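Asker: Fold the following, please.
(2 chains)
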Amino acid sequence: MEPQIDIQTGQEIRVRIAPSPTGLLHFGTARTALFNWLFARHMGGKFILRIEDTDIERSTKEFEEDIVTGLRWLGFDWDEGPDKGGPFGPYRQSERLDIYAHYLQQLLDEDKAYHCFCTKEQLDVDRQAMQTQGTTPIYVGRCSALTKEEQVQRITAGEASVIRLRVSEGVIEFHDIIRDVVTVQSALIGDIIIARSLDLPLYNFAVVVDDYEMKISHVIRGEDHISNTPKQIVVQRALGFATPEYAHLPLILAPDRSKLSKRYIETSLNDFKAQGYLPESLVNFMAFIGWHPTDDKDVMAREELIAEFDLERVQKGGGVFNLEKLEWLNAQYIKRLPVGILVDELMPFIPQEWNTQRALLERVAIVEQDRLKRLTDFVESAAFFFALPDYEADLLAWKGADVSMTKGHLRAVLDILRNAPESQFTKDALETLLMPLAEEKGRGDILWPLRACLSGKKASPGPFEIMPALGKSEVIHRIEVAIEKL
RNA sequence: GCCCUCAUCGUCUAAUGGUUAGGACAAUAGGUUCUCAUCCUAUAAAUCGGAGUUCGAUUCUCCGUGAGGGCACCA
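Answerer: Here you go, the predicted model:
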């Protein structure tokens, strides 16, 4: 497909996900990645991964690894990124320091930025004062009048400083695809710090430089960034850069409607993998927090999402994370899996011993498929197929039936099954074989003890599902065990 | 405190200036070969409040209320 051009800007459509490796892959980050990816794929544009590791104290390689692994698992293939390069690399901010230094120096030379020598303590006092006065806490501008000579002098004298951008008063207005126009007074921003030094740029500065250098056409990010946008626009203007199109996504909320935190769900998306969720379910689920198609579809495959996704239809209000819906969706996707694939997916979760017979595993998977909400459920619900659990004899009695009667019923079933050839061990054949007896003696009287002795559990799949999976000899054996118990 | 944003069933959401306000999850009640699950059917459940515009507003405007986010030499 030829790269799509944005009608409004005439630019190629390029979006990015820009996580900072200061923690595990968060659910919200994954959802932002998804919306960027869907938009890019829908529009035929490019999706870029950029690692924002300017915070050298908190960023780690391990977190970056976790994030990249998670995004890959979800299937968000990026066109450019630190692992695969691209025409506008490097894609890790820590490797772009010379680029930032260049623009920082330019701003300093043009006197659009200046060195500020205020200490953190001073700034804290200022902030406190403004807050008690009821005004917006911004920089008071103590250092803004310093001449270049004075700045150089104090730096050479060894005084610590940061770099601030001069922000003039006025109105900043920007367009948001989801929210239309957002207006902010720049007087409420003040002279923002854009770098600690030439080598240590800060977020609001680095983002602007990178988005420009990487020719990002649409910035799609969480609503928590709305208040950063005017600051970034101010930087763009100082640098003479065009403003990209924005789309601020509604936040994902915990059930108490506060910002989703690690207190409610596991922080790393990779934990969802460990808990037995399929990437397809997560993708479908995440897409539906903040977006829905026009029709009533509720299970949508990746390709359908791409085909129908539309940023303009994204919800404005935050959405609560609903675990039950995720589980339901996961069950839907598990149900739709071909057995072979299901078994493959199950592999990482099952005990070694079960893995000796692929054929048995497949038969069991067929029985359990409709009962699984998560892949991990299989371990517990299917255990009885691989080893008959210990159970009490009275489990075998159906609604107060006495021992000798139950025993007799099981013997009758055993007789029928002993004479049946292995080829008769299919669901349908077994039903025609045994149902007449069950109708005669009472369904519960025959079926309950049979099922109970096969599974050793009071709740399990039905006997006609269990028997074909187990095979003749094991079925006979389990019935004999039961008769012995009685 | 200041700034920004938002508001349809419990939850995710659909819809239109005129409909019985639709679907899904969850809940409840039934049904299908014993149990559990699946599956099927049905029931209950919403336009935050007040003005205005209009023949008509859930939809447009304003005010109020409520909620969320942001206010770092973090991102």
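
Asker: From here on, just use CA atoms for contacts and neighbour counts.
Answerer: OK.

Asker: residue in the stretch 51-200 of chain A nearest to RNA strand B?
Answerer: Distance from RNA strand B to each residue of the stretch 51-200 of chain A (CA to the nearest atom of the strand) is smallest for A:Gly134, at 2.9 Å.

Asker: gap between that residue and A:Glu474?
Answerer: According to CA to CA, to the nearest Å, A:Gly134 and A:Glu474 sit 79 Å apart.

Asker: Which of the two has more residues huddled nearby?
Answerer: Relative neighbour count places A:Glu474 above the other of A:Gly134 and A:Glu474, with 15 against 9, counting by other CA atoms under 10 Å.

Asker: So, low pLDDT: which residues of chain A?
Answerer: Within chain A, the segments meeting pLDDT under 70 span A:1-10, A:262-267.

Asker: pretty sure A:Phe309 is in contact with A:Asn36, am I right?
Answerer: No - judged on CA atoms under 8 Å, A:Phe309 makes no contact with A:Asn36 at a distance of 10.5 Å.

Asker: These two: who's more crowded?
Answerer: More crowded of A:Phe309 and A:Asn36, by other CA under 10 Å: A:Asn36, with 26 against 21.

Asker: Report the contact partners of that one.
Answerer: Residues near A:Asn36 by CA atoms under 8 Å, 6 or more residues apart in numbering: A:15-17, A:47, A:220.

Asker: now with 7 Å?
Answerer: Listed by CA atoms under 7 Å, 6 or more residues apart in numbering, the contact partners of A:Asn36 are A:15-17, A:220.

Asker: Any chance of those residues in CSV with distance to A:Leu337 and secondary structure as columns?
Answerer: Supplementary listing: the contacts of A:Asn36 in CSV, determined by distance: CA to CA, whole Å; DSSP: H, G, I helix; E, B strand; the rest coil:
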residue, distance to A:Leu337, secondary structure
A:Val15, 32, strand
A:Arg16, 31, strand
A:Ile17, 30, strand
A:Ile220, 33, strand
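
Asker: Mind giving me the PyMOL command for buried ones among these?
Answerer: The PyMOL selection below is limited to those of those classed as buried (16 or more other CA atoms under 10 Å):
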select buried, chain A and resi 15+16+17+220
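
Asker: got the contacts of A:Asn36 as TSV, with distance to A:Phe285 columns?
Answerer: As requested, the contacts of A:Asn36 are arranged in TSV below (distance: CA to CA, whole Å):
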residue	distance to A:Phe285
A:Val15	22
A:Arg16	21
A:Ile17	19
A:Ile220	19
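
Asker: from the contacts of A:Asn36, which single one is nearest RNA strand B?
Answerer: Of all the contacts of A:Asn36, A:Ile17 has the smallest distance to RNA strand B: 10.6 Å, by CA to the nearest atom of the strand.

Asker: Please name the bridge partners of that closest one.
Answerer: Beta bridges link A:Ile17 to A:Leu49, judged by DSSP bridges.

Asker: quick one: A:Glu303 from A:Leu104, how far?
Answerer: 43 Å.

Asker: Now do the strands in chain A.
Answerer: In chain order, chain A shows strands spanning A:14-17, A:46-49, A:113-116, A:162-165, A:171-176, A:180-185, A:193-197, A:200-201, A:218-222, A:245-249, A:252-253, A:319-320, with DSSP state E as the criterion.

Asker: Is there any residue in the second one that contacts RNA strand B?
Answerer: Which is strand A:46-49. No - Strand A:46-49 is not in contact with RNA strand B by CA under 7 Å from any atom of the strand; minimum separation 12.6 Å.
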